[in-house]
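Chemist: let's see this in three dimensions:
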Amino acid sequence: MDNTSTVAKKKDLFHRKELISLVGVFATPFAILLTVTGIVVTGVRGPALWVCAGLMVFSAFMNYLFPRLLANQPMERRGVGVQLRLILNVALNSVLVFYLGDAFRPMWLVLALTPFATAIYASRVRTLSAAFAVSAALLTIHVLQGHGADVLLLERLAYVTFMILISLMINSAAVYPPSTEEILKMLKRPSL
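Modeler: Numbers count the residues shown, from 1 in each chain. Sure, this is the predicted structure:
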């Protein structure tokens, strides 16, 4: 069986709860660091400060707690839980990028975390779906902030391309690792 047909038959790995837990261990602290830095750098005050701080706390709590809740769920319901978590992360992170992203440009990285994390345990289709969702969110934020077709749009299109390609690379390495035979074959005849 060739690699293409093997890849097409791979499924989401929701049963691997340790893969789902990686998000809480690695991505969530990075998201907290970005958000706190964004709040400090932008000097956001008033209701926007409370919205950003509240979303950060809720998101951190959700991303640490969610894997523990999913571990106790039957396999049939884990996929729904993971999808809910993905939607919540995109929504919450989009609000953070909207409020903080103009003054603190690295804030877009909180959106990139969703497809990167999804790529660790999900199918290629689900990974692309997450990457396209956050890409659409980032471009929608661009429009809502009143930016036009300028250098910032090109910068954000570069972010979108980065998110999609890196998500696919992570997915290929994590979910579809090559077999020993494939590795040996690649070493004998590397394709460039």
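Chemist: what sits up against the helix or strand containing residue 158?
Modeler: Element membership of residue 158, judged by DSSP states H and E, is helix 151-174. Outside of helix 151-174, the residues within contact range by C-beta atoms under 8 Å, 6 or more residues apart in numbering are 19, 108, 111-112, 115-116, 118-122, 124, 127-128, 130-132, 134-135, 138-139, 142, 147. (C-beta placed from N, C-alpha, C; glycine too.)
Chemist: run through the neighbouring helices and strands of the strand or helix carrying residue 67.
Modeler: If you go by DSSP H and E, residue 67 is part of helix 46-71. On a contact count with 3 or more C-beta pairs under 8 Å, 6 or more residues apart in numbering; DSSP states H and E, helix 46-71 meets helix 17-22, helix 28-42, helix 75-100.
Chemist: with mean pLDDT and distance to residue 156 added, can I get these in TSV?
Modeler: TSV is the format used below for those (pLDDT from 0 to 100; distance: least, C-beta to C-beta, whole Å):
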stretch	mean pLDDT	distance to residue 156
helix 17-22	63	27
helix 28-42	93	16
helix 75-100	85	10
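Chemist: out of these, which comes closest to residue 187?
Modeler: helix 17-22 (27.0 Å; C-beta to C-beta).
Chemist: list the contacts of the most centrally placed residue in the chain.
Modeler: Geometric centre of the chain, nearest residue: residue 114, 1.4 Å, by C-alpha atoms, centre = their mean. Neighbouring residues of residue 114 by C-beta under 8 Å, 6+ apart: 86, 89, 90, 93, 130, 133, 134.
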